[in-house]
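K.L.:
One predicted model, sequence on top.
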Amino acid sequence: MYGVWTVGQVRAAEDEALARTPAGALMRRAAFGVAVAAAEVLRERTGGVRGRRVVLLVGSGNNGGDALWAGHFLRRRGVAVTAVLLAPDRAHVEGLAALRRSGGRVGIADRADLVIDGIVGLSARGPLRAEAADWVSRLAAPVLAVDLPSGVDPDTGDAPGAAVDAAVTVTFGARKPVHVLSARSGDVRVVDLGLDLPDPNLRVLEAADVGRAWRLPGPADDKYTQGVTGVAAGSATYPGAAVLTTGAAVRATSGMVRYAGWAADEVRSRWPEVVATGSVADAGRVQAWVAGPGLGTGQVSRDVLGAVLGAGVPTCVDADGITLLARYPELWDRRDPDQVVVLTPHDREFARLAEPLGISLGVDRVAAARALASRLGVLVLLKGNATVIAEPDGRTLVSPAASSWLATAGSGDVLTGLVGAALAAGGDPLLAVGCASWVHVRAGVLAAGGAPTSASVVVDAIPGAVREAVVAAGR
Ligand SMILES: NC(=O)C1=CN([C@@H]2O[C@H](COP(=O)(O)OP(=O)(O)OC[C@H]3O[C@@H](n4cnc5c(N)ncnc54)[C@H](O)[C@@H]3O)[C@@H](O)[C@H]2O)[C@@H](O)CC1
Ligand SMILES: Nc1ncnc2c1ncn2[C@@H]1O[C@H](COP(=O)(O)OP(=O)(O)O)[C@@H](O)[C@H]1O
Ligand SMILES: [K+]
């Protein structure tokens with residue numbers, strides 16, 4: 001698990017560190033880290049460092065100062081460095097002097113093996129100004145971003161205009177939200193500045209965390225003791241949603257999965273190990289229910305959702321289930337107040353549910369997910385390229401995207417099944433949902449392997465993703 005801190009938190013810690021270190025020392029340490037990473041990237045991409053060409057895009061603040069100092073350190077390794085000053089009269093004075101001393105040039109860049117983006121960092125506000133935006137839109141070489149990709153908001157990851165698409169970002173002291181919310185950050189490396197940081201604002205699970213938490217059968221287990229997942233999904237029109245959701249739960253754990261609904265025949269024929277019935281009332285005992293994918297929004301679907309919400313176990317509500325909750329808020333009265341409810345909306349479902357409550361999904365997805373979680377007293381998993389998982393008390397996990405291959409029909413149904421299985425296994429619900437999301441992201445990567453995939457293949461990749469986590473945890 002690693003933490004993510006807001007700009008405000010990092011600034012406060014930096015101020016404290018600046019007060020106890022000699023002037024300029026933190027910047028040189030940060031810039032040295034940039035130069036080391038730049039040399040690594042040059043070696044990986046061109047086979048060497050000496051004689052390679054690096055262009056620095058230098059803005060008017062300390063972010064530009066970092067880039068200039070990094071250029072100075074790269075000169076010492078024989079790199080040809082050219083600095084493009086976006087605001088020549090406001091460029092960092094000591095950084096520019098250091099670069100000139102070591103033989104760096106200032107001018108107009110042409111060809112580069114690597115561009116170092118020092119346009120703007122933590123003080124970024126709004127879209128990039130015209131000149132910077134122009135440079136960014138003409139970038140052809142790979143980019144190493146200093147602290148964060150310029151043009152992206154540090155706290156929300158939103159890119160309101162032209163923005164750098166970094167291959168690598170070297171950040172300082174701590175990860176900020178942009179690094180987990182925006183795929184434009186690329187591969188993120190952190191240079192330690194010895195900051196004294198408070199509790200993080202966001203957390204990210206890693207393979208070993210998931211591997212430690214994932215429920216594996218022990219000698220005393222049987223098919224019931226590992227937590228039985230119940231799936232209420234699918235319809236005559238959408239039997240596939242039932243097959244995918246149930247299949248994800250089957251692949252995620254070795255216990256048992258029950259299915260209740262219209263697609264019992266289809267589910268049985270694809271997953272013979274599932275105990276399938278026509279209704280929630282006949283389904284038998286489960287430790288968690290998932291409801292919604294392909295369920296429909298008619299009266300019977302409404303009754304199904306009500307039955308699941310009142311079943312006295314944790315519940316995950318997705319897709320049509322969310323639409324039903326938006327349309328018939330009285331369904332909340334059926335909810336067992338002692339049981340956790342997880343909602344897994346994509347943006348449109350989020351809007352459907354949240355807008356009538358006065359919560360809009362703006363550019364700050366973390367704030368929006370937290371607001372809805374707190375307002376409804378539920379756990380909200382907001383889907384997207386990066387997935388945000390917020391609890392009513394504010395604890396929040398982020399699953400950064402590892403690829404975009406999960407943007408495929410039915411992949412949300414797979415996630416719902418995973419969440420159900422993780423909830424049924426017990427333990428802290430936030431951790432359970434976070435683990436399910438991690439496995440989903442990882443299964444997406446394994447399923448795709450660099451080429452288009454589909455939700456059925458993601459289901460089949462689940463055991464491989466769980467195995468990676470279990471191995472990482474040394475179990
Ligand atoms: N404070 C510290 O202890 C350290 C700070 N460091 C660096 O300092 C950076 C922060 O420096 P600053 O506070 O000087 O600010 P920045 O360098 O992030 O940006 C400030 C400058 O960018 C301009 N700017 C703001 N928004 C813009 C936009 N949308 N388009 C174009 N230009 C824009 C502003 O006019 C201002 O001149 C960090 O990101 C990091 O790179 C590092 O040297 C490590 C130590
Ligand atoms: N561009 C993307 N990059 C990474 N993950 C994505 C992207 N688009 C969608 N996803 C993920 O894929 C899943 C899609 O779910 P959903 O929108 O419910 O699709 P469906 O209804 O087809 O199942 C979510 O888990 C979401 O986080
Ligand atoms: K930058």
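P.N.:
Looks like it arrived, so ask away. Ligands and ions are numbered 1, 2, ... in the order given.
K.L.:
quick one: low-confidence ranges for the stretch 101-250 of the chain?
P.N.:
Scanning the stretch 101-250 of the chain for pLDDT under 70 picks out nothing.
K.L.:
hang on, residue 386 packs against residue 400?
P.N.:
Yes. Using C-beta atoms under 8 Å, residue 386 is in contact with residue 400, at 5.1 Å. Bear in mind the C-beta positions are built from the backbone N, C-alpha and C, glycine included.
K.L.:
Quick check: neighbours shared by these two?
P.N.:
180-181, 183 (C-beta atoms under 8 Å, 6 or more residues apart in numbering).
K.L.:
filter those residues by proximity to ligand 2?
P.N.:
Checked against ligand 2 using C-beta under 6 Å from any ligand atom, those give no members in range.
K.L.:
Next, give phi and psi for the residue nearest the centre of the chain.
P.N.:
Centroid check for the chain by C-alpha atoms, centre = their mean gives residue 400 as the closest residue, at 2.1 Å. Geometry field for residue 400 lists phi and psi as phi -70, psi 150, criterion degrees, to the nearest 10.
K.L.:
returning to that earlier point: which one (most neighbours) among the shared contacts of residue 386 and residue 400?
P.N.:
In terms of neighbours by other C-beta atoms under 10 Å, these top out with residue 181 at 28 neighbours.
K.L.:
If you drop the residues flanking it in sequence, what lies closest to residue 59?
P.N.:
Excluding its sequence neighbours, the residue lying closest to residue 59 (C-beta to C-beta, 6 or more residues apart in numbering) is residue 119, at 4.2 Å.
K.L.:
so does the longest helix along the chain get close to ligand 3?
P.N.:
Scanning the chain for the longest helix, with DSSP state H as the assignment, gives helix 25-46. No. Judged by C-beta under 5 Å from the ion, helix 25-46 stays clear of ligand 3, getting no closer than 10.1 Å.
K.L.:
other SSEs contacting that helix?
P.N.:
Secondary-structure packing of helix 25-46 (3 or more C-beta pairs under 8 Å, 6 or more residues apart in numbering; DSSP states H and E): helix 7-19, helix 62-75, strand 114-118, strand 143-146, strand 168-172, strand 187-191.
K.L.:
in its sheet, what does the helix or strand just after it sit against?
P.N.:
Counting by DSSP states H and E, the next helix or strand C-terminal to helix 25-46 is strand 53-58. Take DSSP bridges as the rule and strand 53-58 pairs in its sheet with strand 80-85 (parallel), strand 114-118 (parallel).
K.L.:
and the residue of this protein nearest ligand 2?
P.N.:
Going by C-beta to the nearest ligand atom, ligand 2 is nearest to residue 412 of the chain, at 2.0 Å.
K.L.:
Next one: that residue from ligand 3, what distance?
P.N.:
Taking C-beta to the ion, to the nearest Å as the measure, residue 412 falls 34 Å from ligand 3.
K.L.:
One more: residue 87?
P.N.:
Taken as C-beta to the ion, the span from residue 87 to ligand 3 is 14 Å.
K.L.:
burial of residue 51, as a residue count?
P.N.:
Using other C-beta under 10 Å, residue 51 has 11 other residues around it.
K.L.:
Just list the residues touching it, thanks.
P.N.:
78-80.
K.L.:
Show me what the residue nearest to residue 91 when sequence neighbours are not counted bridges to in the sheet.
P.N.:
With sequence-adjacent residues excluded and distances taken as C-beta to C-beta, 6+ apart, residue 91 is closest to residue 85, at 4.7 Å. For residue 85, the beta-bridge partners are residue 58 (DSSP bridges).
K.L.:
wait, what's in contact with residue 85?
P.N.:
Applying C-beta under 8 Å, 6+ apart, the residues contacting residue 85 are 58, 64, 91, 96, 106.
K.L.:
what's near enough to touch the first one?
P.N.:
It refers to residue 58. Counted by C-beta under 8 Å, 6+ apart, residue 58 has contacts 64, 67-68, 83-86, 91-92, 118-119.
K.L.:
try it again with 10 Å
P.N.:
By C-beta atoms under 10 Å, 6 or more residues apart in numbering, residue 58 lies in contact with 64-68, 71, 83-88, 90-92, 95-96, 99, 106, 116-119, 146.
K.L.:
are any of the residues you listed buried, and which?
P.N.:
64-68, 71, 83-86, 91-92, 95-96, 99, 106, 116-119, 146 (16 or more other C-beta atoms under 10 Å).
K.L.:
What segments of the stretch 151-300 of the chain are helices?
P.N.:
For the stretch 151-300 of the chain, the helices defined by DSSP state H, counting those that start in this stretch occupy 177-181, 207-213, 239-252, 264-270, 299-309.
K.L.:
most neighbours per residue, which of the ones you listed?
P.N.:
Highest mean neighbour count of the helices of the stretch 151-300 of the chain: helix 239-252, a mean of 29 (counted as mean count of other C-beta atoms under 10 Å).
K.L.:
May I have that one as PDB, with CA atoms only?
P.N.:
C-alpha atoms of helix 239-252 as PDB (Å, rounded to 0.1, in the frame of the first residue of the first chain):
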ATOM      1  CA  PRO A 239     -28.500 -13.100 -20.100                       C
ATOM      2  CA  GLY A 240     -24.800 -12.400 -20.800                       C
ATOM      3  CA  ALA A 241     -24.600 -10.000 -17.900                       C
ATOM      4  CA  ALA A 242     -25.600 -12.900 -15.600                       C
ATOM      5  CA  VAL A 243     -23.100 -15.200 -17.100                       C
ATOM      6  CA  LEU A 244     -20.200 -12.700 -16.800                       C
ATOM      7  CA  THR A 245     -21.100 -11.500 -13.200                       C
ATOM      8  CA  THR A 246     -21.500 -15.100 -12.000                       C
ATOM      9  CA  GLY A 247     -18.400 -16.200 -13.800                       C
ATOM     10  CA  ALA A 248     -16.300 -13.500 -12.200                       C
ATOM     11  CA  ALA A 249     -17.400 -14.700  -8.800                       C
ATOM     12  CA  VAL A 250     -16.800 -18.300  -9.700                       C
ATOM     13  CA  ARG A 251     -13.200 -17.500 -10.900                       C
ATOM     14  CA  ALA A 252     -12.400 -15.300  -7.900                       C
END
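K.L.:
what distance separates that helix from the centre of its chain?
P.N.:
Once both centres are worked out by C-alpha atoms, centre = their mean, to the nearest Å, helix 239-252 turns out to sit 23 Å from its chain's centre.
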